[in-house]
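> Need a 3D model of the sequence below.
(one chain, ligands or ions: 1)
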Amino acid sequence: MSSSHTLDNIFSNNRRWAEEVQRDHPDFFPRLEKQQSPEYLWIGCADSRVSANEIMGLLPGEVFVHRNVANVVVHTDFNCLSVLQYAIDVLQVKHVIVTGHYGCGGVRAALENRSMGLIDNWLRNIKDVYFKHENLFTHLSADESAELLCEINVREQVGNVCHTTILQDAWKRGQAVTVHGLIYSLHDGILNDLDVNVSGMQDIPSIYRMYSDAEMLARLPSQRRRLQQSAQVGSQQQ
Ligand SMILES: [Zn+2]
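The predicted model follows:
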């Protein structure tokens, strides 16, 4: 049996979709072909039930996407780092959205003590998150632990995004970009804000900062520098 035979359904769906778009929005493909200018970078789970565009109600061209098992941002993952660098430096996205989801198989597997092969090494990153916050899980059931770890994992990955030189260099040159942490529920399709919104180096622990406050101020455009200096004086006087 040829592979094209097994993909018939996909090709017929694609033709139907393309025809509908061309009929309803004749300028859609010509416009998309010329450029993409998304405002958002989505870093999410590879889970087939968590599709960035559909969940956020965005069209092709409106969100740049990176997905892996359990939405992990590893300091040495050149795949994720390359997506992040291109999105921020070239596409100039304004928001990086790290999105986890309840019921994540990767997170649940990380809580167990069984081997599934190579992926065990990837899930080790989530075991590290659990171990770092182990005291929070003391009295929880297995289901409660899995849900809490899904949320804490998002918070940790937001931190990992912010600790990269990519984000810090962007902030240093005065580029406005905010990193958010969200969690999605497979139960009702609702996306919730975990209220971790990081928009500058002042919000990350000092050990991870690549530049001093003085260096940051020196590199800002003069108007923003004056605003930040007056804001700092104001906060010191309170
Ligand atoms: Zn998942």
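
> for the ion, what are the nearby residues on this structure?
Where proximity means Cβ under 5 Å from the ion, the interface of the chain facing the ion comprises Cys45, Asp47, Cys104, Gly106. Glycine gets a C-beta too; all of them are placed from N, C-alpha and C.

> doesn't Val72 make contact with Ala46?
No: in this structure, Ala46 sits apart from Val72 without contact. The criterion is Cβ atoms under 8 Å, and the distance is 10.4 Å.

> Show me which of those two is the more surrounded one.
Higher neighbour count among Ala46 and Val72: Val72, with 25 against 13, using other Cβ atoms under 10 Å.

> in which helix or strand would I find that one?
Assigned by DSSP states H and E, Val72 belongs to no helix or strand.

> what sits against it?
Shown here is Val72, whose contacts under the criterion Cβ atoms under 8 Å, 6 or more residues apart in numbering are Trp122, Asn125, Ile126, Asn153, Gln157.

> ok, back up a step: give me the subset of the residues of the chain next to the ion lying in helices.
Counting by DSSP state H, the part of those found in helices is Gly106.

> For PyMOL, write a command that selects the buried ones of the residues of the chain next to the ion.
Here is the PyMOL command that picks out the buried ones among the residues of the chain next to the ion, judged by 16 or more other Cβ atoms under 10 Å:
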select buried, resi 45+47+104+106
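
> What is the most widely separated pair among the residues of the chain next to the ion?
Farthest-apart pair in these is Asp47 and Gly106; separation 8.0 Å (Cβ to Cβ).

> Please produce CSV containing the contacts of Val72, extended by neighbour count.
Written out in CSV, the entries for the contacts of Val72 read as follows (neighbours: other Cβ atoms under 10 Å):
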residue, neighbour count
Trp122, 18
Asn125, 21
Ile126, 26
Asn153, 27
Gln157, 26
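
> Okay, now the unreliable bits of this structure?
1-5, 219-238 (pLDDT under 70).

> First-to-last residue distance for stretch 87-99?
Using Cα to Cα, to the nearest Å, the gap from the first to the last residue of stretch 87-99 comes to 16 Å.

> now the strands for the chain?
40-45, 63-68, 95-101, 178-184, 191-198 (DSSP state E).

> just the CA coordinates of the second one, formatted as CSV?
The reference is to strand 63-68. Taking only C-alpha atoms (Å, rounded to 0.1, in the frame of the first residue of the first chain), the coordinates of strand 63-68 have been written out as CSV:
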residue,chain,number,x,y,z
VAL,A,63,1.6,33.0,15.4
PHE,A,64,5.1,31.5,15.2
VAL,A,65,5.2,28.0,16.8
HIS,A,66,7.6,25.8,18.5
ARG,A,67,6.4,22.5,20.1
ASN,A,68,8.0,19.6,21.9
